[in-house]
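Student: Could you work out the structure for the sequence below:
(one chain, ligands or ions: 1)
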Amino acid sequence: MAGSKRTNEKKLYRCPECGLHYEERIWAEKCEIWCRENKSCSREITAHAQENKTVISFPVPGSGKG
Ligand SMILES: [Zn+2]
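Tutor: Purely as a prediction, here's the structure:
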């Protein structure tokens, strides 16, 4: 495949109710339904949102003990 442009951005699914983004559509759908019915967000669902995912840097294996 020849691609002149590469996008780093993943396809994200957005909850139209609260605007949070999810990698998986199932969460966006859950969120949308929840938001619509409850008029607020579920912590359990929004925890999966990109906005709430923190990037954790893990130590390089093999360079710890010595
Ligand atoms: Zn939502």
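Student: Which residues of this structure lie near the ion?
Tutor: 15, 17, 18, 31, 35 (CB under 5 Å from the ion). All C-beta atoms are positioned from the backbone trio N, CA, C, and that covers glycine.
Student: switch to 8 Å and redo it
Tutor: Within the chain, the positions lying close to the ion (CB under 8 Å from the ion) are 15-20, 28, 31-32, 34-35, 41, 45-46.
Student: Please pick the buried ones from those residues.
Tutor: In the residues of the chain next to the ion, burial by neighbour count holds for 15, 17, 18, 20, 28, 31, 32, 34, 35, 41, 45, 46, counting by 16 or more other CB atoms under 10 Å.
Student: Just the terminal-to-terminal distance for stretch 33-52.
Tutor: Using CA to CA, to the nearest Å, one end of stretch 33-52 lies 19 Å from the other.
Student: Residues contacting it, please?
Tutor: Residues from elsewhere that reach stretch 33-52, judged by CB atoms under 8 Å, 6 or more residues apart in numbering: 12, 15, 17, 18, 20, 21, 22, 23, 24, 27, 30, 31.
Student: Now for the residues you listed: which two are most distant?
Tutor: Farthest pair in those (CB to CB) is 17 and 23. Separation: 17.8 Å.
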